[in-house]
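Participant: Next come a sequence and a model predicted from it.
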Amino acid sequence: MTTDTPSLLITDDDSAFRETLQDVFEPQGFRILLAGDGEEALRIVRRETVHVLLLDMHMPKLTGLETLHLVKRIKALMPCIILSADLDDLLVEQARRARAFSVLAKPVTRNQITGVVYEALATTYNWRIVRR
């Protein structure tokens, strides 16, 4: 992998949603990694280069927020984006305290998700990637 290829770890227990996001980002030049739960995401973060992590909030084993806390112990600067169908002010505040880059409500639009991922890359790594 070259340094100009961003890697995106999509973590969601809904395989159709993971694949949909993969279909959005892969044609834009992203290296895609997929995890079905937080434990799997942690294993991937430990062994792979991950530039941005997308986390569903409600998953078996570990929630998105629990996974976020553990990921930040391993890779403190990695931008993590929480996605939740049950978004409320408490979750937003908890995610902010846990240093989430952003919190998005499901269903999410293509422009919302790509916009926040590109913003995370620009803010964290100073990457300016042209959208395809």
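Facilitator: Yep, that arrived.
Participant: Only C-alpha atoms from now on, for both contacts and neighbour counts.
Facilitator: Noted.
Participant: was I right about W127 contacting P6?
Facilitator: No: between W127 and P6 there is no contact under C-alpha atoms under 8 Å: 9.2 Å.
Participant: Those two: which has the busier surroundings?
Facilitator: Neighbour count, other C-alpha atoms under 10 Å: between W127 and P6, P6 has more, with 20 against 14.
Participant: list the contacts for the more buried one?
Facilitator: 29-31, 50-52 (C-alpha atoms under 8 Å, 6 or more residues apart in numbering).
Participant: now do T124
Facilitator: Here T124 is in contact with 77-79 (criterion: C-alpha under 8 Å, 6+ apart).
Participant: Turn those into JSON lines, including pLDDT.
Facilitator: Shown next, in JSON lines, are these (pLDDT from 0 to 100):
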{"residue": "L77", "pLDDT": "95"}
{"residue": "M78", "pLDDT": "97"}
{"residue": "P79", "pLDDT": "98"}
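Participant: got the buried residues for the longest helix seen in the chain?
Facilitator: Among the segments of the chain that qualify as a helix by DSSP state H, the longest is helix 110-125. Neighbour counts using 16 or more other C-alpha atoms under 10 Å place 113-114, 116-121 of helix 110-125 among the buried residues.
Participant: Alright, I will stop here.
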